[in-house]
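Q: Kindly return the folded structure for what I paste below:
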Amino acid sequence: MIDFAALDPETRRHLAAAGVALAWVAFCGLIAARHALRRRAERREAAALAQGAGEPVLVAYASQTGFAEELARATATALTAGGAGRGGRRSGRRRRPRPGRRRRRRGGAGSPDPGR
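A: Residues are numbered from 1 along each chain as shown. Presented below is the predicted three-dimensional model:
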């Protein structure tokens, strides 16, 4: 072992600073690894929900505490297990209107009823 008492005070301070910096880097690495594992698990869960049959079902949630997300995941799982639709995230594409039909506009400045 190294006899730290025999080292000069400036060298001891540098070694202590290096030890603290190394501990901080290790802590940050653990946090990053934990976050990556959680994201990977969420992706696997979403992929498993997306394997259902039928039209996709969007289950939306908004939460500050995370409880609404838990309920939304449980709902998506129950819907998928019940065969009501395919859970998971949508691709972000909009549905095309059927030929011969016009899309209705709601609200806006040119609307006869701006309160809608």
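Q: going forward, measure contacts and count neighbours with C-alpha atoms only.
A: Noted.
Q: any idea which helix or strand of the protein has the worst average confidence?
A: Lowest by mean pLDDT, DSSP states H and E among the helices and strands of the chain is helix 67-82, with a mean of 86.
Q: which secondary structure elements does it contact?
A: helix 9-49 (3 or more CA pairs under 8 Å, 6 or more residues apart in numbering; DSSP states H and E).
Q: Report the inter-axis angle for the helix it packs on versus helix 67-82.
A: Between helix 9-49 and helix 67-82, the angle comes out at 40 degrees (axes from the mean of the first three to the mean of the last three CA atoms, to 10 degrees).
Q: any idea of the mean pLDDT for helix 9-49?
A: Summarised as a single mean, pLDDT over helix 9-49 is 93.
Q: which helices and strands does it pack with?
A: On a contact count with 3+ CA pairs under 8 Å, 6+ apart, helix 9-49 meets helix 67-82.
Q: List the buried residues for the helix it packs on?
A: Neighbour-count burial for helix 67-82 flags E69, A72, R73, A76, T77, L79, T80 (criterion: 16 or more other CA atoms under 10 Å).
Q: What of stretch 48-63?
A: L49, A50, G52, P56, V57.
Q: Just the pLDDT for the third one.
A: In this prediction, G52 carries a pLDDT score of 67.
Q: about what we covered before: could the buried residues of stretch 48-63 be laid out in a markdown table, adding distance to M1?
A: Output for the buried residues of stretch 48-63, formatted as a markdown table (distance: CA to CA, whole Å):
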| residue | distance to M1 |
| --- | --- |
| L49 | 56 |
| A50 | 57 |
| G52 | 61 |
| P56 | 64 |
| V57 | 64 |
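Q: any idea which of the residues you listed is the one closest to L7?
A: L49 (61.0 Å; CA to CA).
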